Structures are given as C-alpha cells and as structure tokens.
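Trainee: structure for the following, please:
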Amino acid sequence: MMLNFFLPWNPPHKDGESIANSFFGAKVVRHGQPLADNNMHYGILHGGTDIKNRCRAENKHWIHVDHGQIGGAHGPGDLTGYYRFSRGHRSNIYREPSPRDRYRLKKLPVKQLPWRQPDKRRFIAYQPPSQFMFHYCRLPPDFDAKWLRIAQEFWPEHEVKVMDKGKKDESFFEAIDGFVSFDSGLACECLQRGIQILMTAKETWWPNLKFTDENREKVLAYLAGRNFTIEEMQTGEALFHLIDNGEIVVSKGVA
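Mentor: Numbering: from 1, shown residues only. Alright, predicted model coming up:
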C-alpha cells in the first residue's frame with residue numbers, strides 16, 4: 001500500500017502543508033509527481049480538483065481531507081479539532097460503520113440527545129450551497145427554490161428561513177426545529193442535539209434517513225471513524241483506522 005499526500009498549491013495553504021507533514025505513513029509530494037495507490041489532498045480549492053481528476057484518469061484512489069464534522073469549525077492557522085477523510089468524494093458518503101468505528105464513537109466528544117419535540121414557535125433554517133459549490137457540483141439555477149419547497153412540505157407547520165453560513169451560538173440551536181443544508185458540518189451538530197436535518201447534496205453522509213436512534217448512531221459512528229485530530233494523524237491512529245474501515249485501500253484498483 002502506497003500513500004501520497006500532495007501539498008496544496010495555487011496558492012499554497014499552510015494548514016494543508018501542516019496536515020500533510022503530520023500524517024504518519026504518507027509520503028509528502030508536490031503536484032506533478034507520480035500518483036500512488038492512495039492519494040490525499042487537503043481541500044478542493046488548492047489543487048484538490050486536479051488530483052481528483054488525475055486519480056480518476058489513472059484508476060487510483062483519491063482521498064479528500066477537509067474540516068471535520070465533529071469538533072466545530074477551524075479558523076486560518078488553527079489546527080485544533082477534527083479533520084475529515086473521504087475516499088472518492090469531496091465529502092463523506094455514507095457507508096456502514098465498522099466495529100472499530102463504533103468503538104471510536106464512544107471515545108469522541110459526540111452527543112446523542114433525545115429527539116426534539118416539534119414546536120411551531122421555532123423555525124426551520126435553510127442554508128444554501130455556496131457559489132463555489134453551485135459551480136463545482138453544477139447545480140441548477142432553481143436548486144434553492146426546489147429545496148425550500150421540499151423543506152416547507154416536510155415541516156408544513158413551521159416557517160422556513162434562509163440563513164447565512166458561519167458559526168452559530170446556543171440561541172440558534174434553541175430557535176430551530178430543523179436544519180436544511182447541502183452537507184454542512186453544522187448539520188452534524190444539529191443531529192447530535194436531536195434536531196431533524198435534511199441534506200440537499202445528491203450524495204451525503206446523511207442520505208435523509210428516518211430519524212431513529214439507531215440510524216443516528218450508525219451515522220455518527222461512520223463519521224467518528226473518518227474524523228481525526230492532528231495528534232491522531234501523527235501517532236498513526238488515523239492511518240490504521242482508515243485502512244481498517246476502507247477509506248485507505250490496500251488492494252489495487254478503485255472501489
């Protein structure tokens with residue numbers, strides 16, 4: 001099994017370089033160098049799309065690394081918290097969690113609060129995809145209008161409000177009964193709090209399952225096995241766990 005971690009470029013990205021150099025088991029390489037069996041890259045905007053396209057053309061594995069769904073958002077230069085690893089896609093696509101994923105869930109700061117009982121005095125928050133995501137995923141012009149209609153049909157007793165991206169305080173979570181987004185990490189926080197979510201991305205880690213404790217635990221275990229800290233990358237825990245659950249593929253060929 002060979003693993004390359006490509007350094008971000010055009011422009012360079014210091015956080016991405018730090019993550020690449022921290023990942024035990026990976027060879028740190030620059031763009032233009034040959035692909036390995038598995039190829040990691042931090043972010044889409046700094047050369048990640050080029051690496052993805054090369055991997056598909058040469059039948060190699062591409063693993064996208066970005067801010068995680070667990071542990072909150074990161075600012076520039078802030079390497080605390082969790083980063084996500086997703087094979088073949090820019091965001092995690094739900095797969096059944098492994099036994100090791102389920103064990104890891106118990107170790108992480110993940111909540112599983114009771115499902116919130118609906119209250120018409122709360123509202124439903126709709127977060128549109130960014131303009132970059134509209135372009136990258138080639139979304140149709142009526143994408144938001146379509147999903148706003150779906151959200152209103154799903155929660156007919158509630159007002160649906162469009163909201164901007166950004167960190168949210170406790171008052172936001174207290175004011176909503178549902179959250180609709182493309183694949184925002186904020187949706188994971190809502191899920192942990194027992195707030196219903198709808199994901200508008202075609203492929204996502206929450207494929208709009210039924211809101212049961214079993215489904216939520218399976219999804220959170222799946223994410224736990226694909227979110228790691230810098231320290232866990234340095235010790236090798238991330239490497240061996242990602243091999244175990246199949247995000248890093250030991251056998252040849254693209255799954």
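
Trainee: any stretches of the stretch 151-255 of the chain with poor pLDDT?
Mentor: 252-255 (pLDDT under 70).

Trainee: just give the nearest non-adjacent residue to residue 150, would you?
Mentor: residue 198 (7.3 Å; CB to CB, 6 or more residues apart in numbering). (Glycine included, C-beta is placed from N, CA and C.)

Trainee: let me fix that, I meant to ask about residue 123.
Mentor: Using CB to CB, 6+ apart and skipping residues adjacent in sequence, the residue nearest residue 123 is residue 159, 4.7 Å away.

Trainee: which stretches of the protein form helices?
Mentor: 14-22, 48-58, 99-105, 131-136, 143-154, 170-175, 186-192, 213-224, 230-235, 237-244 (DSSP state H).

Trainee: pLDDT wise, what is residue 70 at?
Mentor: For residue 70, the pLDDT comes out at 88.

Trainee: list the contacts of it.
Mentor: Residues in contact with residue 70 (CB atoms under 8 Å, 6 or more residues apart in numbering) are 81-82, 108-110, 188, 223-224, 227.

Trainee: which of those has the largest number of neighbours?
Mentor: Taking other CB atoms under 10 Å as the neighbour criterion, residue 223 ranks highest of the contacts of residue 70 with 27 neighbours.

Trainee: just checking, that residue touches residue 185?
Mentor: No: applying CB atoms under 8 Å as the test, residue 223 and residue 185 come out as separate, 9.7 Å apart.

Trainee: list the residues that contact both of those two?
Mentor: Shared contacts of residue 223 and residue 185 (CB under 8 Å, 6+ apart): residue 69.

Trainee: where's residue 69 relative to residue 13, distance?
Mentor: Distance of residue 69 to residue 13, given as CB to CB, to the nearest Å: 20 Å.
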